[in-house]
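Chemist: Compute the structure for the input listed below.
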Amino acid sequence: ALLVLVPPSIVITWWYKTTRQIEQYVDFNTHTLYSGFQSQIHIIANSIPPLNSSAASLAKLLSSSFNQTDEISFDEIETKVAPTLFLAVTTIPYLSQISYVGLEGLFFSYYIDGNQTLSTYANSSFSSRKKHVWYKQPVDNQTGKLYGEPVTSHSFNVVNTSWFQVALNHSWGYSSLENGWNNGGEPLFLTSVSLLGKGVIAMGVPVKNLTDRLGGINLYGGSLSLITMDGKLLLNGIPNTKFIYVNGTIFLQFMWPNGVKNFPCSNDTSETYMMDIDGKEYNVRCSTVKISGVQSVCYSNSSFFSVFAVFTSSFINEFRFLGFGLQVYALALPHEGIASFVYSKINYSHIALVVTMVLLVIPLVFFVSSMITNAQREICLHDKLIKQMEATQQAERKSMNKSLALVGASHDIRAALAGITGFIDLCLANAAPGSDFETYLKQMSLCAQDLLGLLNSILDTSKIEAGMMNLEEQEFNLADLIEHVVDLYHPVGMIKGVDVVLDPCDGSIIKLSQVKGDRGKLVQILSNILSNAVKYTVEGHVCVRAWVGKPDFETEILASTRKGLGKYMSSLFSGKNDGNSDVQAVSAVRQNRDSVEIVFEVDDTGKGIPKEKQKSVFENYVQVKETAAGQVGTGLGLGI
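Modeler: Down below sits the predicted model:
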């Protein structure tokens, strides 16, 4: 098996050495070509005069003309500062604007707008809450004197700008990119120096001088972009790109056909990014270069070109300036000089790679065949598992739908009951006291309350899902409860011509009427039994009896309650709902000397139930056909 890997290893080693030779040869040639363009870019960058030393020297010269403790007046600005500023603007190459900005609002500046030299000034101080007026006048290019009538000019709140504050509060000076005073607001490389802490001397060189010369470089099909490190765009020559400044980092954002992609360019890195612009491949690399003390970033791209970067920086020996930094630039060089060598070596590399892949595939065929068998087995098991999970999820969804339907029904029924109860209360307010109408309305109100209680117990989904219904014990008057149930079905019996009466027997139920148990469950049981009695009695009467007696294991009542109604009644008043059997619960109650047994009996003159059918009366959905002929029902009454 190891011998099979020997030929691929030899081929891969040879291919690796060949590609390394290609890389070394390309690096050597591109480095040679790059050195010439590097010199050209540095010549252009150095042609922009470094104003740091000039501004510092000018500030030092002017400071000797003033007293450090006295305020500088506008007359002193006109006689001492203005001539020096005019001399600087006429002698320093590329300088297009020079200004003195006083802390108290006094201002004087020379600037070039087109072919004309103008002056703008403010001859009065201002408070922090009041704007002051700027004036503009043309300047004699020979003497520097102002002539003509002054006109008001657009004023700027220069004192509150960041560059003014930084330059004023630091003796090091400050370099930044700002807009000039001319009509177009031409961007300038601005260098600012503090003058005795009372004002600032600012000198500016147009950015256009740099961008025009950089744009004139022959990049052999490439392009160049330039931006400051604080995100101010100077030159954007790369198509389908824009710059993004996020948290101190410059990103070059390229718009791909299927979206955008960001390339970080603030750090000094030699990484090259590959782009496809207008169907051509471009290499983009970021680098930095210092131009007039302003920190900036420069990018360029090329079509099938190599891109390299160079980093330069220098400090002013005499003064230190804040804001000085580097510009980033990239060069794109054609590959025509080394194309033949590169392409030939690449062809050999491709052949070696194909041979290597073939030699590697042959021994893998046997391994793949065994893996396919295992994969098929796993797929079958996976399919079965998915089907089982889908069946489980479907069952869970059905259960959830049932629960949601039950909750929805509960909400709708409760809303209807609330409406019925409200109308009953309105009718009670207008009913004559002591009238039959008032009595009927009170009965209806009690029925509505009982119905709401039954609904709350039936629609309690958590209890239904648990398969148990807990007893809610409370003290109530048993005699009033029985009378209420009888009164509820008395009107129903009257309609059928059947008397529904209450027989208190020996009156014991009235004497011991205060009991404790689940009132709602007792009403439900008595109502179901009495409802069946009235339903299946055509003529005669239905009699409800109740009496109190001591528990006796020897009576016939004991035998009957263990099988039928008695065991359900006794459990309502036993206070035992811990899951024991019904017989044990009844036995525990009867062994308590302080407990009594309440017997309920419903007697009617209906057809009755045949003896052989009596065992099924408590089963759900079962009706005795002989006695239920012509009656509508589900067979749930006694089961409930």
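
Chemist: So residue 362 lies in a helix, does it not?
Modeler: Yes. When classified by DSSP: H, G, I helix; E, B strand; the rest coil, residue 362 is found to be part of a helix.

Chemist: Can you report how many residues lie near it?
Modeler: By the measure other CB atoms under 10 Å, the count of residues near residue 362 is 10. The C-beta positions use only the backbone N, C-alpha and C, and glycine is treated the same way.

Chemist: cool, the one 5 residues further on as well?
Modeler: When counting by other CB under 10 Å, one arrives at 9 neighbours for residue 367.

Chemist: Going along the chain from the host helix or strand of it, find the next helix or strand for me.
Modeler: Taking DSSP states H and E as the criterion, residue 367 maps to helix 339-430. Next helix or strand after helix 339-430 toward the C-terminus (DSSP H and E): helix 436-458.

Chemist: for the record, mean pLDDT for that following helix?
Modeler: Taken as a whole, helix 436-458 has an average pLDDT of 79.

Chemist: what comes up buried for that helix?
Modeler: 441, 443-448, 450, 452-454, 457-458 (16 or more other CB atoms under 10 Å).

Chemist: same check, this time on stretch 522-531
Modeler: Those would be 522, 523, 524, 525, 526, 527, 529, 530, 531, for stretch 522-531 by 16+ other CB under 10 Å.

Chemist: pLDDT-wise, what's the bottom of the residues you listed?
Modeler: Lowest pLDDT of the buried residues of stretch 522-531: residue 524, 83.

Chemist: Make sure that residue is indeed in a helix.
Modeler: Yes. Counting by three-state DSSP, residue 524 is located in a helix.

Chemist: Verify the stated contact: it with residue 481.
Modeler: No. The pair residue 524 / residue 481 is not scored as a contact, 11.5 Å apart, by CB atoms under 8 Å.

Chemist: if we can go back for a sec, go through the buried residues of stretch 522-531 and name the one nearest residue 93.
Modeler: residue 524 (106.6 Å; CB to CB).

Chemist: Identify the residue spatially nearest to the closest one, adjacent ones excluded.
Modeler: residue 454 (6.0 Å; CB to CB, 6 or more residues apart in numbering).

Chemist: Surely the one you found and residue 521 touch.
Modeler: No. Look at residue 454 against residue 521 with CB under 8 Å: they stay out of range, at 9.4 Å.

Chemist: re earlier: from residue 530, how far out is the residue nearest to residue 524?
Modeler: Distance of residue 454 to residue 530, computed by CB to CB, to the nearest Å: 15 Å.

Chemist: Residue 376 now?
Modeler: Residue 376 sits 69 Å away from residue 530, going by CB to CB.

Chemist: The closest residue to residue 206 other than its chain neighbours: neighbour count?
Modeler: Nearest residue to residue 206, sequence neighbours excluded (CB to CB, 6+ apart): residue 96, at 5.1 Å. With neighbours defined by other CB under 10 Å, the count for residue 96 comes to 22.

Chemist: again, but for the one 4 residues further on
Modeler: With neighbours defined by other CB under 10 Å, the count for residue 100 comes to 26.

Chemist: Could you give the bridge partners of it?
Modeler: Counting by DSSP bridges, residue 100 forms beta bridges with residue 108, residue 201.

Chemist: Use 576 as the first number for this chain going forward.
Modeler: In the new count, where the first residue is 576, that last one comes out as residue 675.

Chemist: Wait, it touches residue 778, no?
Modeler: No. With contact defined as CB under 8 Å, residue 675 does not reach residue 778; the gap is 10.6 Å.

Chemist: Would you mind confirming that residue 619 makes contact with residue 785?
Modeler: Yes. Counting by CB under 8 Å, residue 785 is a contact partner of residue 619 at 7.1 Å.

Chemist: Compare the two (neighbour count), which wins?
Modeler: residue 785 (24 against 19).

Chemist: dump the residue contacts of that one.
Modeler: Each residue near residue 785 by CB atoms under 8 Å, 6 or more residues apart in numbering is listed here: 619, 620, 623, 764, 801, 809, 866, 867.

Chemist: out of these, who's nearest residue 654?
Modeler: Once CB to CB is applied, the member of these that ends up nearest residue 654 is residue 764, at 29.4 Å.

Chemist: per-residue confidence for the closest one?
Modeler: 87.

Chemist: Residue 951 and residue 945, how far apart?
Modeler: Distance from residue 951 to residue 945, by CB to CB: 11 Å.

Chemist: so where is the stretch 576-725 of the chain shaky, pLDDT-wise?
Modeler: 576-581, 583, 598, 601-613, 624, 701-706 (pLDDT under 70).

Chemist: 50 instead?
Modeler: Counting by pLDDT under 50, the ranges of the stretch 576-725 of the chain that qualify are 576, 703-704.

Chemist: where exactly do the helices run in it?
Modeler: For the stretch 576-725 of the chain, the helices defined by DSSP state H, counting those that start in this stretch occupy 577-622, 626-638, 649-651, 657-666.

Chemist: Show me what counts as buried in the second one.
Modeler: Applying a neighbour-count criterion of 16+ other CB under 10 Å, one finds 626, 627, 628, 629, 630, 631, 633, 634, 637, 638 buried in helix 626-638.
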